[in-house]
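Asks: The amino acid sequence is not available; the structure is as follows:
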């Protein structure tokens, strides 16, 4: 019994948890409102049935009252004709009808009281149903707004299921694009190096090597031309418009080292004298 009770409790706990996740408060409120409407309809039907019974009792009492009045008149007519026996019979029947009228009046009073109670109950329940309906709509609107706000917050934070799936899809697409770009770059490098042959091209591997050498020679020629242009450009210190002197084409004068006995000869203009750089000795 202990094991069965524990299994039953576990099953109930799991079922309650599943029902809590599945249950929508808005549906529960609508169902409760429908039940209250059904109860109100039942009470209204009961009020109508009690009212019908009261009306039927009133009609029976009216008919018995008419019969009692008729018997009263018949008893008077019998006495006027010296028929005391008929008058006694009429009065006896009138007395029986009187007892039935008393019972009908009692039933009519009880039915009227029940009808009044049912009417009050129906009115009170109708007020409660109207109040519950207003509160139900307010609670449903509040729940809907809270649910929408929660979904917006989850979407903004990227923790919702849809946003998570979208993020994973984007990440997978980016990874595939990166892999495809790397593969395309590797194939281009292999084609350029000649390791792979481009089947869509009419060139063979020898022509590809020749084209590569020609491209390298073209780059070297362009680099030499740029060096020549930079060498022909005037230095930054010269005035604008003055042509630069190409010192590379003028040969430098040969400088002979002075002998110890010969005096120091003046150096040509613009040529430094090595002897002038030596310190002068005063005797």
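Replies: Now that the structure is in, tell me what you want to look at. These numbers come from a predicted model, not from an experiment.
Asks: what about the stretch 101-250 of the chain, any weak spots by pLDDT?
Replies: For the stretch 101-250 of the chain, the stretches flagged by pLDDT under 70 are 155, 157-167, 191-212, 234-250.
Asks: One more pass at 50, please.
Replies: Along the stretch 101-250 of the chain, segments meeting pLDDT under 50 span 247-250.
Asks: OK, contacts around residue 229?
Replies: Taking CB atoms under 8 Å, 6 or more residues apart in numbering, we find residue 229 in contact with no residue. C-beta: built from backbone N, CA, C; applies to glycine.
Asks: any idea how far it lies from residue 222?
Replies: Per CB to CB, to the nearest Å, residue 229 is found 11 Å from residue 222.
Asks: and the protein, what are its domains?
Replies: According to automatic domain parsing, the chain comprises the domains 16-157, 166-231.
Asks: Please convert the ones you listed to TSV, extending it with distance to residue 5.
Replies: TSV is the format used below for these (distance: least, CB to CB, whole Å):
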stretch	distance to residue 5
domain 16-157	16
domain 166-231	45
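Asks: out of the ones you listed, deepest packed?
Replies: Ranked by mean neighbour count, the domains of the chain are led by domain 16-157 with a mean of 14 (mean count of other CB atoms under 10 Å).
Asks: Report whether the expected contact of residue 67 with residue 96 is present.
Replies: No: Residue 67 is not in contact with residue 96 according to CB atoms under 8 Å; the separation is 10.0 Å.
Asks: Please enumerate the shared neighbours of those two.
Replies: Joint contacts of residue 67 and residue 96 (CB under 8 Å, 6+ apart) do not exist.
Asks: helices and strands around the longest helix belonging to the chain, which ones?
Replies: In the chain, with assignment by DSSP state H, the single longest helix is helix 84-157. Packed against helix 84-157 by the contact rule (3 or more CB pairs under 8 Å, 6 or more residues apart in numbering; DSSP states H and E) you find helix 25-80, helix 161-193.
Asks: Relative to residue 144, which of the ones you listed is closest?
Replies: Closest approach to residue 144 among the helices and strands packed on helix 84-157 is made by helix 25-80 (7.4 Å; CB to CB).
Asks: Quick check: mean pLDDT of the closest one?
Replies: Across helix 25-80, pLDDT averages out at 88.
Asks: report the angle between the axes of that helix and helix 84-157?
Replies: Counting by axes from the mean of the first three to the mean of the last three CA atoms, to 10 degrees, helix 25-80 lies at 170 degrees to helix 84-157.
Asks: Who are the packing partners of helix 25-80?
Replies: By 3+ CB pairs under 8 Å, 6+ apart, helix 25-80 packs against helix 84-157.
Asks: Relative to residue 102, which of the helices and strands packed on helix 84-157 is closest?
Replies: Residue 102 lies closest to helix 25-80 among the helices and strands packed on helix 84-157, at 9.8 Å (CB to CB).
Asks: re earlier: now render the helices and strands packed on helix 84-157 as CSV, adding distance to residue 18.
Replies: Shown next, in CSV, are these (distance: least, CB to CB, whole Å):
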stretch, distance to residue 18
helix 25-80, 15
helix 161-193, 18
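Asks: Which one, of those, ends up nearest to residue 114?
Replies: Nearest of the helices and strands packed on helix 84-157 to residue 114, taken as CB to CB: helix 25-80 at 5.4 Å.
Asks: For the closest residue to residue 33 other than its chain neighbours, list the residues it contacts.
Replies: In space, and not counting its chain neighbours, residue 33 is closest to residue 136: 5.5 Å by CB to CB, 6 or more residues apart in numbering. Shown in contact with residue 136 (CB under 8 Å, 6+ apart): 29, 30, 32, 33.
Asks: Next up, the contacts around the second one.
Replies: Read it as residue 30. Counting by CB under 8 Å, 6+ apart, residue 30 has contacts residue 136.
Asks: Kindly report the same for the one 3 residues further on.
Replies: By CB under 8 Å, 6+ apart, the residues touching residue 33 are 129, 132, 133, 136.
Asks: For residue 36, give its distance to residue 131.
Replies: Taking CB to CB, one finds residue 36 at 10 Å from residue 131.
Asks: Give the intersection of the neighbour lists for these two.
Replies: What both residue 36 and residue 131 touch, as defined by CB under 8 Å, 6+ apart, is an empty set.
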